[in-house]
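one predicted model, sequence on top.
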2 protein chains.
Amino acid sequence: MTTAPTGETRWLTDEEQSVWRSYLHATTLMEDHLDRQLQRDAGMPHIYYGLLVQLSRAPRRRKRMTALARDAKITRSRLSHAVARLEKNGWVRREDCPSDKRGQNAVLTDEGFDVLARSAPGHVAAVRQVMFSRLTPEQVRSLGEIMQVIAGGLQPEGADADLPWLR
Amino acid sequence: MTTAPTGETRWLTDEEQSVWRSYLHATTLMEDHLDRQLQRDAGMPHIYYGLLVQLSRAPRRRKRMTALARDAKITRSRLSHAVARLEKNGWVRREDCPSDKRGQNAVLTDEGFDVLARSAPGHVAAVRQVMFSRLTPEQVRSLGEIMQVIAGGLQPEGADADLPWLR
DNA sequence: TCCATCTAGTTCAACTTTCAAGGAAAGGTC
DNA sequence: GACCTTTCCTTGAAAGTTGAACTAGATGGA
């Protein structure tokens, strides 16, 4: 299976296949590693940690549910469950949105902030260890560009950008 | 928060943070996209598809459970559940290993092979669309190298490779 | 105002993943 | 052979995710 079109299907070249496998391999290992690290050191999966980070950066450490879901790239359903769990831990609480009675704000509690502050150094160290400590500055720059290009092609806006009927 | 060590913790530089966010963003969007694509077109999540692919490439389209779990980078427990589901679909069956009575082979059925053959073109097209169609040949090569380096650092063997007491 | 429609968020059921526990066979070692 | 340890795989319960259905409130006309 090499580079040329076979019938209707344009298969991947050998190099592309190899890159794709390396990609899957590396991303799987990394996600597993970080998930376990955070579960052990912070008592939550990576995605939940990301939610706390989002809230910690938001003005007044709170954010509308929909905005939080959008920024964390998860569904609103998943976020509802996640916030319910984080609320049970006392790390987040819900608050009615004053301007829209349908709305809820997720608010990072002081306790949540402390958990974040305590676990951040270990997490950063893990990220550095699995990724940045192994790459040259040139590779880091290149990886950044590559990921931006890929993400750009998958953005809600961007996804439509090259549909012909949108010009 | 810039580049210098703060107290004990060596935080990420601004560039590293930016790259890390792009990385998380892009990989999340890609995985979601491909998961949905496969769920829709093949009736299974990406990881299950990967199991069928592994089996299709194995001699006699069968593989020991442990080997399959290792190659697919998942736990044996997860694999047991997954194979149970695929077995219910008729795409895989289990078979006792003749040489080791503890062992099981997962065997790709003809029906499983057909599902794979039918869904592969769409999946390849999706992979090409989200990744390869957006990258220059140079970027593809670079991404491959980067992912190999990262994976190398996380391999079961490799993970121990730089622990000081192992020399 | 009335109504259709849209948006925010939750909930339910089905499914997947994880973790800890366990049974059964294989591989030493004495 | 008896015993201990390891390996192979499964199981069950708890946790997490998904997609569809649903409620309540907002929005924009006619």
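Structure's in. What do you need?

so which bits of chain A are right by DNA strand C?
Along chain A, the residues adjacent to DNA strand C under the rule Cβ under 7 Å from any atom of the strand are A:32, A:35-36, A:39, A:64-67, A:76-77, A:79-81, A:83-84, A:94, A:97, A:100, A:102-105. From N, CA and C alone the C-beta is placed, and that goes for glycine too.

6 Å - rerun?
Neighbours of DNA strand C within chain A, by Cβ under 6 Å from any atom of the strand: A:36, A:39, A:64-66, A:76-77, A:80-81, A:94, A:97, A:102-104.

show the buried residues in those residues.
Buried residues within the residues of chain A next to DNA strand C, defined by neighbour count using 16 or more other Cβ atoms under 10 Å in any protein chain shown: A:R64, A:M65, A:R94, A:Q104.

break down chain A into its helices, ranges please.
A:14-42, A:46-57, A:65-72, A:76-89, A:110-130, A:137-154, A:156-161 (DSSP state H).

ok, which of these comes nearest B:E145?
helix A:137-154 (7.3 Å; Cβ to Cβ).

what about that closest one, average pLDDT?
What helix A:137-154 shows for mean pLDDT is 96.

and the contacts of it?
With Cβ atoms under 8 Å, 6 or more residues apart in numbering or on different chains as the test, helix A:137-154 has contacts from A:132, A:135, A:158-159, B:15-16, B:18-19, B:22-23, B:25-27, B:29-30, B:33, B:129-131, B:133-135, B:139, B:142-143, B:145-146, B:149.

one more time with 7 Å
A:132, A:135, A:158, B:15-16, B:18-19, B:22-23, B:25-26, B:29-30, B:33, B:130-131, B:134-135, B:139, B:142-143, B:146 (Cβ atoms under 7 Å, 6 or more residues apart in numbering or on different chains).

now list the buried members of these.
Here, 16+ other Cβ under 10 Å leaves A:132, A:135, B:16, B:19, B:22-23, B:25-26, B:29-30, B:33, B:130-131, B:134-135, B:139, B:142-143, B:146 buried among these.

in chain A, which residue is closest to the centre?
By Cα atoms, centre = their mean, chain A has its centre lying nearest to A:A72, at 5.8 Å.

smallest gap between chain A and DNA strand C, at which residue?
Taking Cβ to the nearest atom of the strand, DNA strand C has its nearest neighbour within chain A at A:T66, 2.9 Å off.

how near is that residue to A:L55?
14 Å (Cβ to Cβ, to the nearest Å).

and if you look at A:V19?
A:V19 is 36 Å from A:L55, by Cβ to Cβ.

ok, A:H33 touching A:M131?
No. Counting by Cβ atoms under 7 Å, A:H33 stays clear of A:M131, with 10.3 Å between them.

so which residues on chain A come close to chain B?
Contact residues, chain A versus chain B (Cβ under 7 Å from any Cβ of the partner chain): A:9, A:11-12, A:15-16, A:18-20, A:22-23, A:25-30, A:33, A:73, A:121, A:124, A:127-128, A:130-132, A:134-135, A:139-140, A:142-144, A:146-151, A:153-154.

what does chain A have sitting close to DNA strand D?
A:P45, A:I47, A:I74, A:T75, A:S77, A:R78, A:H81, A:A82, A:R85, A:D100, A:K101, A:R102.

what backbone torsions are found at the last one?
Listed backbone geometry of A:R102 is phi -80, psi -20, with angles given as degrees, to the nearest 10.

and for the third one?
Main-chain dihedrals, A:I74, degrees, to the nearest 10: phi -130, psi 170.

which pLDDT value does the model give the residue nearest to it when sequence neighbours are not counted?
Counting by Cβ to Cβ, 6 or more residues apart in numbering or on different chains, A:I47 is the residue found nearest to A:I74 once chain neighbours are left out, at 6.8 Å. pLDDT, A:I47: 97.

tally of neighbours for A:I47?
Look at A:I47: counted by other Cβ atoms under 10 Å in any protein chain shown, it has 18 neighbours.

please apply the same query to the one 10 residues further on.
The tally of other residues near A:R57 (other Cβ under 10 Å) stands at 11.

that one and A:S99, how far apart?
21 Å.
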